[in-house]
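Enquirer: 3D, please:
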Amino acid sequence: MISAYQNEFNRAKNDPLTFWQEQAKAIEWFKFPEKILSKDENGIDSWFADGQMNTAYLALDYHVLNGRGDQTALIYDSPVSGKKQQYTYKELTDHVARTAGMLADLGVVKGDRVIIYMPMIAESVMAMLACARLGAVHSVVFGGFAPNELVIRIEDAEPKVIMTASCGIEVKKIIPYMPLINKAMADSRFKPKNVVVLQRDEYPAELTENRDIDWAEQVAISAPHDCVPVSGRDPLYILYTSGTTGKPKGVVRENGGHAVALKYSMSTIYDAKPGDVYWAASDVGWVVGHSYIVYAPLIHGCTTILYEGKPVRTPDPGAFWRVCEEYKVNILFSAPTAFRAIKKEDPEGELIKQYKMPDLRTIFMAGERLDPPTLEWVQSKTHLPVIDHWWQTETGWAISGNPLGLETFPLKPGSSTKPVPGFQVDILDEAGEPLPPNTQGYIVIKCPLPPGCLTTVWRHHERFQSGYLTQFPGYYVSGDGGYIDDDGYLFVMGRIDDVINVAGHRLSTGEMEEVLGGHPDVAECAVIGAHDELKGQMPIGFVVLKDGHYSVDGNVEKELIQKIRDDIGAVASLKRVLVVNRLPKTRSGKVLRRTIKQVADGEQYTMPSTIDDPSSITEIESALQPQK
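Expert: Presented below is the predicted three-dimensional model:
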């Protein structure tokens, strides 16, 4: 007898139009789509193009109209500020409608872009949903990102308005945002019309006359705004992710497919029920925050939690368990790095024992490879099912996982279990030929991609084509390598390009190399992602100085580390820069980054036959030696 999962998977594979038409009926449309799957003007697959709907309506108004108005929709918990706040569906709808009214008063209309540069506060969620309510396209940028990173996004998205707060709060540290905004606005060739500033008590900002708008004052005089109907193919948001060229790519998410896919994922992957308390301990600047702090839980009728804190030091490694107990969390989702941090500070799990969490059913992890030691530690200390699932900013939801809403498969450490119905995952060699089980190759997804995945790169469709669709025609190239075993389990082994994963942040080593190479003393450089027990990977820079330039007491190294922090931001986490006389290269001049990484990770390596100077590898080993 065919299993529930296999039956679902086969239906999605063999008749995707009928399958996704059925799933589309799970959400409320203003006009149900007749075109389930069609081609856009670029020849790219588009789901539900002629449907009429509004994502904010699905997340808010629909529930108020259907009896959930008094249920808690959003819980804001901030150990860094000491503030807590809860909003019912009715209250959150009112706040979002007024925030949308404020944006409308500032001239924002359907199709306009709005950049949201904010910390993890309730108003960040309101800003995102307010844009969706108007049919405006939001682009969330991590609050505190370096000004030049903000400039890149401003010039690409060309927003009419920037929404921000006066400051962010880290552990025992205030980060004023307005100096960063002002620098970005001064440097940007494109000038947004207004900056809306939410004044926080911890650090009020000075506002620029005629440009800056006080959020609280403006929203108080703005009338609530109704939901604006949009088509299924209209963009909901742009989310910038690191590209291999060092230039961020603006992933575009369509309204219709996004809503259908997230609704489907809540029941199929997470086995979530309307009314459940769902906590994605992430940040709204990441795709996880978009999909599973804001949109999916609210569309599904859950209570979602927005947490402004850390897994440790706010105030201790019991922070996650405190939140789970206090709010009766049913499903917890975070990155493996968060649990590695907790394990590092509470290795015996003593703080876990202090909290009663009878409502917590499942712990999900994603964002980077879940290493078996972390998996085993969380399982043994919490006595709860731990589910690894794999997805990308580009896909917006899980490509593979353990589909708890259909059936539960036995766990295999190191594997994200099986492809989710809708994703046809294959492993190809460099020639595009399918590989047998247990053989590593390129992880690809057969087109058409299911609903919810990116349909283009904002303003650079050629980058979408060349980056994802050209290498293997008929397939989406994930950029990851791995294999599928005899049981159909997928094992994702890591990136095949130069993007590394630091605590869930995808960062471009190419971008870091560009910054290091801009230093006047540096002749050439290479950045690799070395294995790190806590954060998954940590970048290490290797630089060759120009002739006649010397590092005195590590001054150049310190300057380079600060330069990365200034140009990219602290999120880059580059803390080691090593000066060497030469970089290992092939005879054709290609830097042997893979070999450098193997040396840094302490792995066995074979001296490449194409290496120009074998002694350069010995020098890398010597440079790393004092740090071991």
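Enquirer: List the contacts of Leu578.
Expert: 540-543, 557, 623-624, 627 (C-beta atoms under 8 Å, 6 or more residues apart in numbering). (Each C-beta comes from the backbone N, C-alpha and C, glycine too.)
Enquirer: Flag the shaky bits of the stretch 201-350 of the chain, pLDDT-wise.
Expert: Within the stretch 201-350 of the chain, the stretches with pLDDT under 70 are 242-246.
Enquirer: The chain now?
Expert: Looking at the chain by pLDDT under 70, you get 242-246, 497-499, 506, 586-590, 609-610, 626-628.
Enquirer: Break it down into its structural domains.
Expert: Following automatic domain parsing, one finds the domains of the chain at 89-228, 499-627.
Enquirer: From the contacts of Leu578, list the buried ones, please.
Expert: Taking 16 or more other C-beta atoms under 10 Å as the criterion, what is buried in the contacts of Leu578 is 540-543, 557, 623-624.
Enquirer: Next step: these restricted to helices.
Expert: 557, 623-624 (DSSP state H).
Enquirer: circling back: quick one, which of the domains of the chain is packed in tightest?
Expert: Among these, the stretch with the highest mean neighbour count (mean count of other C-beta atoms under 10 Å) is domain 89-228, at a mean of 20.
Enquirer: Figure out the length between the terminal residues of that domain.
Expert: Terminal residues of domain 89-228 lie 19 Å apart, using C-alpha to C-alpha, to the nearest Å.
Enquirer: where does it sit relative to the chain's centre, distance-wise?
Expert: Once both centres are worked out by C-alpha atoms, centre = their mean, to the nearest Å, domain 89-228 turns out to sit 20 Å from its chain's centre.
Enquirer: before we move on, the earlier item: how about the domains of the chain, which one is nearest Glu462?
Expert: For those, proximity to Glu462 was assessed by C-beta to C-beta; domain 89-228 is nearest, at 14.3 Å.
Enquirer: returning to what we had before: and the domains of the chain as TSV, adding distance to Gln354?
Expert: Putting the domains of the chain into TSV (distance: least, C-beta to C-beta, whole Å) gives the following:
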stretch	distance to Gln354
domain 89-228	21
domain 499-627	23
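Enquirer: Thr99 is in contact with Met128, isn't it?
Expert: No: counting by C-beta atoms under 8 Å, Thr99 does not reach Met128; the two are 9.7 Å apart.
Enquirer: of all the buried ones among the contacts of Leu578, which comes closest to Ile331?
Expert: Ile540 (36.2 Å).
Enquirer: you'd agree that closest one is up against Arg593?
Expert: No: using C-beta under 8 Å, Ile540 is not in contact with Arg593; the gap is 11.0 Å.
Enquirer: So for those two, which residues contact both of them?
Expert: Contact criterion C-beta under 8 Å, 6+ apart; residues shared by Ile540 and Arg593: Ile528.
Enquirer: Run a quick neighbour tally on Glu430.
Expert: Using other C-beta atoms under 10 Å, Glu430 has 9 neighbouring residues.
Enquirer: Off-centre distance for stretch 469-481?
Expert: On C-alpha atoms, centre = their mean, the centre of stretch 469-481 falls 20 Å from that of its chain.
Enquirer: Buried ones in that stretch, by neighbour count?
Expert: For stretch 469-481, the neighbour count (16+ other C-beta under 10 Å) marks 469, 471-472, 475-481 as buried.
Enquirer: swap in stretch 47-67?
Expert: For stretch 47-67, using 16+ other C-beta under 10 Å, the buried residues are 47-64.
Enquirer: Mark which of the residues you listed are part of strands, please.
Expert: 47, 52-53 (DSSP state E).
Enquirer: possible to save those residues as a markdown table with distance to Val599?
Expert: A markdown table is the format used below for these (distance: C-beta to C-beta, whole Å):
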| residue | distance to Val599 |
| --- | --- |
| Trp47 | 46 |
| Gln52 | 57 |
| Met53 | 53 |
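Enquirer: Check for me that Gly285 belongs to a strand.
Expert: No: counting by DSSP: H, G, I helix; E, B strand; the rest coil, Gly285 falls outside a strand, being coil.
Enquirer: Tell me the spacing between it and Gly51.
Expert: Separation of Gly285 from Gly51 (C-beta to C-beta, to the nearest Å): 29 Å.
Enquirer: one step back: so which of the domains of the chain comes closest to Thr456?
Expert: Closest to Thr456 of those is domain 89-228 (C-beta to C-beta; 12.6 Å).
Enquirer: Out of the ones in helices among the buried ones among the contacts of Leu578, flag the one nearest to Lys90.
Expert: Out of those, the member with the shortest distance to Lys90 (by C-beta to C-beta) is Glu557, at 55.7 Å.
Enquirer: List the contacts of the nearest residue to that closest one once chain neighbours are set aside.
Expert: Residue nearest to Glu557 in three dimensions, not counting chain neighbours: Val577, with 4.4 Å by C-beta to C-beta, 6 or more residues apart in numbering. When contacts are counted by C-beta under 8 Å, 6+ apart, Val577 touches 516, 540-543, 556-557, 560-561.
Enquirer: tell me the two of those residues that are most distant?
Expert: Spatially, the most separated pair among those is Ile540 and Val556, at 15.2 Å (C-beta to C-beta).
Enquirer: picking that back up, out of the domains of the chain, which is closest to Phe333?
Expert: Of those, nearest to Phe333 by C-beta to C-beta is domain 499-627, at 11.6 Å.
Enquirer: Leu578 versus the closest residue in space to Gln354 that isn't next to it in sequence, what's the distance?
Expert: In this structure, Gln354 finds its nearest non-sequential neighbour in Gly318, 6.3 Å apart by C-beta to C-beta, 6+ apart. Counting by C-beta to C-beta, the gap from Gly318 to Leu578 is 37 Å.
Enquirer: Let me know the outermost residue of this protein.
Expert: Gly548 (43.1 Å; C-alpha atoms, centre = their mean).
Enquirer: secondary structure class for that residue?
Expert: Per three-state DSSP, Gly548 ends up coil.
Enquirer: how about it, what does it touch?
Expert: For Gly548, the contact set (C-beta under 8 Å, 6+ apart) is empty.
Enquirer: What of Ile305?
Expert: 74-75, 77, 277-281, 293, 323, 327, 329.
Enquirer: Who is it paired with across the strands?
Expert: Ile75 (DSSP bridges).
Enquirer: Relative to Lys39, which of the ones in helices among the buried ones among the contacts of Leu578 is nearest.
Expert: Within those, the smallest distance to Lys39 is 51.2 Å, found for Leu624 (C-beta to C-beta).
Enquirer: Please name the nearest non-neighbouring residue to that closest one.
Expert: Ala600 (6.0 Å).
Enquirer: any idea which helix is longest in the protein?
Expert: The chain, longest helix under DSSP H: helix 89-105.
Enquirer: Which neighbouring elements make contact with that one?
Expert: When contacts are defined as 3 or more C-beta pairs under 8 Å, 6 or more residues apart in numbering; DSSP states H and E, helix 89-105 sits against helix 62-65, strand 72-78, helix 122-134, helix 215-220.
Enquirer: Show me what Val477 is bridged to.
Expert: Under the criterion used (DSSP bridges), Val477 bridges to Val444.
Enquirer: Many thanks, have a good one.
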